[in-house]
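Student: I'll drop the sequence and a predicted model, then ask my questions.
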Amino acid sequence: MKAPLVTILDDEPAIRTMLSDALEDAGFRTLSFGRARSFEAALATQTPDVCLVDLSLPDTDGLTLVHRLALERGAIVIIISGRAQVQDRVTGLELGADDYIIKPFDPAEVVARIRARLRSSNPPAHAGQTARFNGWTAHFDRYALQDDTGTETPISHAEGEVLRLFLDSPKRLISRAQMQEHLGGAASESFDRAMDVRISRLRTKLREDPKNPRLIKTIYGAGYIFLGDVEWI
């Protein structure tokens, strides 16, 4: 089995070199890019497992790129940025990023975060990559929801991991603490808001009534519960 491939998109050569060295020493394969154009061109022939993306890019808006990667590529997307404001972190997570690391950082922390994300992305031993529930089929191999007519709606990697957590534990309360433990990331205002946005988007894609959702119920002060009947294929 090949080692996971991590792409690094940052316009600072020193950061690219530092990250590449640390990741390759840890057993990962890496590809580095200083411009979004060359990075996106490489995606035509490469399928990364993890994308590290700086927001301050000279040739494109980093947040727009993050959103597109999250929806179209199905890769784990981790933002690495000097923007330390809470709102920047919230925006990045809301747009589909799986994690947000603030510069300056310790390369060992980046390696640890990537490993944690890859662990959380692996399906449990009892489950496949496809689940059926209440007229829907979730395809985790390509991060898409399919309705009973065969129409597919893409979901981001981050949305998919929230959905997988629900489908692994149907009709059981899942607390915020459990979500943080399983999905990674430090407990914080930005994490809570990002979870709220991801669940809201999942409800929209599942065509739920936002005032009275049937599948993903909010238990105020406690967490969430998924009420569907789930069959893993």
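Tutor: Ah, there it is.
Student: what's near enough to touch residue 93?
Tutor: Applying C-beta atoms under 8 Å, 6 or more residues apart in numbering, we find residue 93 in contact with 100, 158, 190-191, 193-194, 197. For the C-beta atoms, the positions are set from N, CA and C on the backbone; glycine is no exception.
Student: what do you get if the cut-off is 6 Å, keeping everything else the same?
Tutor: residue 194 (C-beta atoms under 6 Å, 6 or more residues apart in numbering).
Student: Starting from the host helix or strand of residue 8, tell me which strands it pairs with and how they run.
Tutor: In this structure, residue 8 sits in strand 5-9 according to DSSP states H and E. Strand 5-9 has these partner strands in its sheet, going by DSSP bridges: strand 29-33 (parallel), strand 50-54 (parallel).
Student: Touching, residue 77 and residue 51? I think so.
Tutor: Yes - Residue 77 is in contact with residue 51 according to C-beta atoms under 6 Å; the separation is 5.0 Å.
Student: show me the contacts for the residue positioned nearest the centre of the chain.
Tutor: Against the mean C-alpha coordinate of the chain, by C-alpha atoms, centre = their mean, the closest residue is residue 158 at 2.8 Å. Residues counted as contacts of residue 158 (C-beta under 6 Å, 6+ apart) are 96, 98, 198.
Student: Strands - which of the residues you listed land there?
Tutor: Using DSSP state E, no member of those sits in strands.
Student: Same list (those) but as JSON lines, adding pLDDT, distance to residue 68 and neighbour count.
Tutor: Below are the contacts of residue 158 laid out as JSON lines (pLDDT from 0 to 100; distance: C-beta to C-beta, whole Å; neighbours: other C-beta atoms under 10 Å):
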{"residue": "96", "pLDDT": "80", "distance to residue 68": "9", "neighbour count": "23"}
{"residue": "98", "pLDDT": "85", "distance to residue 68": "15", "neighbour count": "29"}
{"residue": "198", "pLDDT": "87", "distance to residue 68": "17", "neighbour count": "23"}
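Student: Out of those residues, list just those in helices.
Tutor: Using DSSP state H, residue 198 are the members of these that sit in helices.
Student: Show me where this structure has its strands.
Tutor: Counting by DSSP E, the strands of the chain are 5-9, 29-33, 50-54, 76-81, 99-102, 130-133, 136-139, 144-146, 152-154, 173-175, 216-219, 223-226, 230-232.
Student: number of nearby residues for the residue nearest to residue 179 when sequence neighbours are not counted?
Tutor: Using C-beta to C-beta, 6 or more residues apart in numbering and skipping the chain neighbours, the partner closest in space to residue 179 is residue 195 (5.9 Å). Residue 195 has 20 neighbouring residues, counting by other C-beta atoms under 10 Å.
Student: isn't residue 9 right up against residue 39?
Tutor: Yes - with contact defined as C-beta under 6 Å, residue 9 reaches residue 39; the gap is 4.8 Å.
Student: Overlap in contacts, those two.
Tutor: In contact with both residue 9 and residue 39: residue 33, using C-beta under 6 Å, 6+ apart.
Student: Tell me how many other residues crowd the residue nearest to residue 95 when sequence neighbours are not counted.
Tutor: Spatial nearest neighbour of residue 95, chain neighbours left out: residue 67 (4.2 Å); criterion: C-beta to C-beta, 6+ apart. By other C-beta under 10 Å, the residues close to residue 67 number 19.
Student: can you check residue 77 too?
Tutor: Count around residue 77 with other C-beta under 10 Å applied: 29.
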